[in-house]
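Asks: Mind folding the following:
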Amino acid sequence: MSDLHSETRGHRLRGWPLLARRSQVACLFIFACQPQERSAPPPADASPEQLAIAGAVVAIGAGDIAICGANGDEATAAIVDSILVADSVAKVDNVVITMGDNAYPSGSRGGYSIFARCFTPSWGDRRIMKMIRPSPGNHDFQNQGGPGYYAYFGDRAGPSGKGYYSYDIGDWHAVSLNSEILDDQSRLHEAAAQEDWLREDLKDHSKKCTLAYFHQPLFSSGDFHGDAPAVAGLWNILYEGGVDLVVNGHEHHYERFVPQTPLGVADSVNGIEEIIVGTGGAALRGVRYPPEANSAARIHGYFGVLKLTLGADEYRHAFLDTEGRVWDKGGRKCHDPPVVPGTASDKRITAASRQRRSESAASEALRHSTRIDASEAAG
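Replies: Sure thing, here's the model as predicted:
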């Protein structure tokens, strides 16, 4: 697998654009930070080997992206494009994911044709569009004239008018959801249909590891929106369905939470890890103090994207900023999905159990044979 190489002391990743934003203030918090404290993140020292998993696929993306007249989205698009080029040479499969608010009403023409005017010059690059699998946000539906969200992304956004769909990539199952229908009283029937579909989708797929992504985060330390309780129903289904990772936008900073339940209880066995990456190009925002419970890392003041390396039974994550640095590298093993009789999960758990029993029987037979051989040799 190919990855970008970091310089030994400068901690810059060659091939990425640098943004001269010295007036921006950035802060990486690990578990806690004093009020008003601002400090630079520790040295970015993630090597390609630390981010790589043999045979893995790569998902790269962000939310809250394109604003006409700003250049943050152009800088994040350059990161995505450079990784797609490198991984294409290395024959690594990729997917580009977006966590909503792909384009904003902005510039001199406001909400007119926001995707063609604002998204196309940056993330609308042909190489990115070939790999993109988006999810919608609230600003995506403020388009006036020109193709809207569904027309612009076409079948890459799933069935038109729904905003939710799923697909497999490598050894992972991925689910893109529509959080924008959940708190609209006129669309409750659509929200219920999405939940019914999600239950069946999670029950029927055959992959051990699952990623879900959508716009609004259930948990957030952001100082603008905060938590989004409207998505709690989705989280309940995702948790019961054995999902490993949820990625969101909506808040314009980076944040990662320890694996937890929908009620916010830390759960290292079956919990879902949530990552917010609303840093694709829209105006950046801060975080509040004290932070949300179980918040493990928070970065604000930097545009950037999330890189996920998705292996057969594990994943690794890293936040790549537009100044060429890598923050919050880490990862974990996927947890075993819940066993529901007669479903795909039951079949793969049963198959795995049969395999373990077969291997155990073969091992015992080998040990028995060895004991006989040793006894005969002694005699």
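Asks: residues touching the nearest residue to His173 once chain neighbours are set aside, list them.
Replies: In space, His173 comes closest to Lys207 once its chain neighbours are excluded; the distance is 4.0 Å by CB to CB, 6 or more residues apart in numbering. Where you see a C-beta, it was placed from the backbone N, CA and C, and this is true even at glycine. Contacts of Lys207 were listed using CB atoms under 8 Å, 6 or more residues apart in numbering, and they are Asp168, Asp171, Trp172, His173.
Asks: Now, of those residues, which are buried?
Replies: Buried members of these, scored by 16 or more other CB atoms under 10 Å, are Asp171, Trp172, His173.
Asks: any idea where the helices of the protein begin and end?
Replies: Assigned by DSSP state H, the chain shows helices spanning 48-51, 72-89, 114, 126-131, 149-153, 188-204, 232-240, 344-378.
Asks: quick one: the third one to chain centroid distance?
Replies: Chain-centre distance of helix 114: 24 Å, with CA atoms, centre = their mean, to the nearest Å.
Asks: domains of the protein?
Replies: Annotated domains of the chain cover 27-338, 343-379 [automatic domain parsing].
Asks: Figure out how far the longest one is from the centre of its chain.
Replies: It refers to domain 27-338. 4 Å.
Asks: What's the local residue count around Pro105?
Replies: Number of residues near Pro105 (other CB atoms under 10 Å) recorded here: 16.
Asks: what's near enough to touch the nearest residue to it once chain neighbours are set aside?
Replies: Taking CB to CB, 6+ apart as the measure, Pro105 lies nearest to Gly111, with 3.5 Å between them; neighbours along the chain are not counted. For Gly111, the contacting residues are Pro105, Gln142, Asn143, Gln144, taking CB under 8 Å, 6+ apart as the criterion.
Asks: which residues touch the third one?
Replies: Meaning Asn143. So Asn143 contacts Ala103, Pro105, Gly111, Ser113, Ile114, Phe115, Tyr149 (CB under 8 Å, 6+ apart).
Asks: ok, the most centrally placed residue in the chain to Phe214 distance?
Replies: Centroid check for the chain by CA atoms, centre = their mean gives Val247 as the closest residue, at 4.0 Å. Shown here: Val247 relative to Phe214, a distance of 8 Å by CB to CB, to the nearest Å.
Asks: and if you look at Val305?
Replies: Summarising the geometry, the distance separating Val305 from Phe214, computed by CB to CB, is 17 Å.
Asks: And Pro134, by the same measure?
Replies: With distances defined as CB to CB, the gap from Pro134 to Phe214 amounts to 11 Å.
Asks: the strands in the stretch 1-150 of the chain, which residues?
Replies: Remark: strands assigned in the stretch 1-150 of the chain by DSSP state E, counting those that start in this stretch are 27-30, 57-62, 94-98, 132-133.
Asks: Next, the angle strand 57-62 makes with the third one.
Replies: Here strand 94-98 points in a direction 30 degrees away from that of strand 57-62 (axes from the mean of the first three to the mean of the last three CA atoms, to 10 degrees).
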